[in-house]
Structure formats: structure tokens, C-alpha cells
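S.K.: Can you look at this prediction? I've put the sequence above it.
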Amino acid sequence: MKNVQEWILLLGIFGVATLIGNWIGYDVLPLEAIPGMLVLIGIALAGLILAKVLPWKLPSVAYIGIIGIVVSMPWMPGSEWVIRSTESVNLLALTTPILAYAGIAIGRSWTDFVQLGWRSIVVASFVFIGTFLGSAVIAEIILRAQGII
């Protein structure tokens, strides 16, 4: 039960941060995005609980993805409402607080990271740069093919 309370608190904090980012960055009023945010929090919470309760050892993100797909399928009752309400929550506003939390979590284990040595830092830097450049090239190609740029 303690885990569920912690998850609710953490998801609530992410939800509030997302609503603020959605408002500042994408001009979507928090009152307009609250229903979608609550749906997303509910899906995430259900996935976290299923990962703990079910005997199969799947990561919680798999359960969250499956639940999200199922509740948005056209044959599912209420799927139109789920889709309509979550459309007001911008993806980038959603990822910002999650990535910030991940950065803080990595920062807390800095001593473990330092023990890996300087070679790991070089490899990680090349991975980050390669991922960024690869994503930029793919985006450029797709946007040019669509005539957007």
C-alpha cells in the first residue's frame, strides 16, 4: 500500500509539472488539460499496480503501454472521450518533468557513475551525440519529404 501512495504522490507531482509546462509552452489552460492528465495518471498507476500484482515479470512500462492502447481502441466504450481528453496534453510537456526526474536520479548516484571510469564517460558522450545527430538527420529527411521545410 505504501508503494501505491508513493506512486500517486509522484504521478501527481509529474501531473502538476506537466500541466504548468503545457500551459506555458503550448498555451493549453490547466483546466482544459486536467481530464487528460488524470486519464494518463490513471493509466500509469494501473500499469504500475499490475506490474506488482501479476505473476509475469514484465516491466511496468509494458503494462502501461498495453492499458493505454486498449483504452484508446475504437471498440472500447469511452475511447472517444479518452482520446479527446488526452489530446490536450502535449507530449513534450509530459516528457520534461520525467526527464528532469531521471537526471536527478542519475545525479544522486554520481559516485557509482564515477567508478565506471573515464572511458564510460567518453562512450556515453559519443552515444548521446550520435543519438542526437541521428535523430536530427532522420527528422530533417522526413520533414523535407513531407514538404514541411
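M.R.: Done, it's in. Numbering: from 1, shown residues only.
S.K.: Could you chop this structure up by domain?
M.R.: Listed by automatic domain parsing, the domain ranges of the chain are 2-108, 110-149.
S.K.: Check which residues of the longest helix seen in the chain are buried.
M.R.: Looking across the chain with DSSP state H, the single longest helix is helix 118-145. For helix 118-145, a neighbour-count test (16 or more other Cβ atoms under 10 Å) marks nothing as buried. Glycine gets a C-beta too; all of them are placed from N, C-alpha and C.
S.K.: Who are the packing partners of that helix?
M.R.: Using 3 or more Cβ pairs under 8 Å, 6 or more residues apart in numbering; DSSP states H and E, no helix or strand is in contact with helix 118-145.
S.K.: Where does pLDDT dip in this structure?
M.R.: Applying pLDDT under 70 to the chain flags residues 1, 104, 106-110, 112-114, 116.
S.K.: What separation is there between the residue nearest the centre of the chain and residue 38?
M.R.: Residue closest to the average C-alpha location in the chain (Cα atoms, centre = their mean): residue 95, at 4.8 Å. Distance of residue 95 to residue 38, given as Cβ to Cβ, to the nearest Å: 18 Å.
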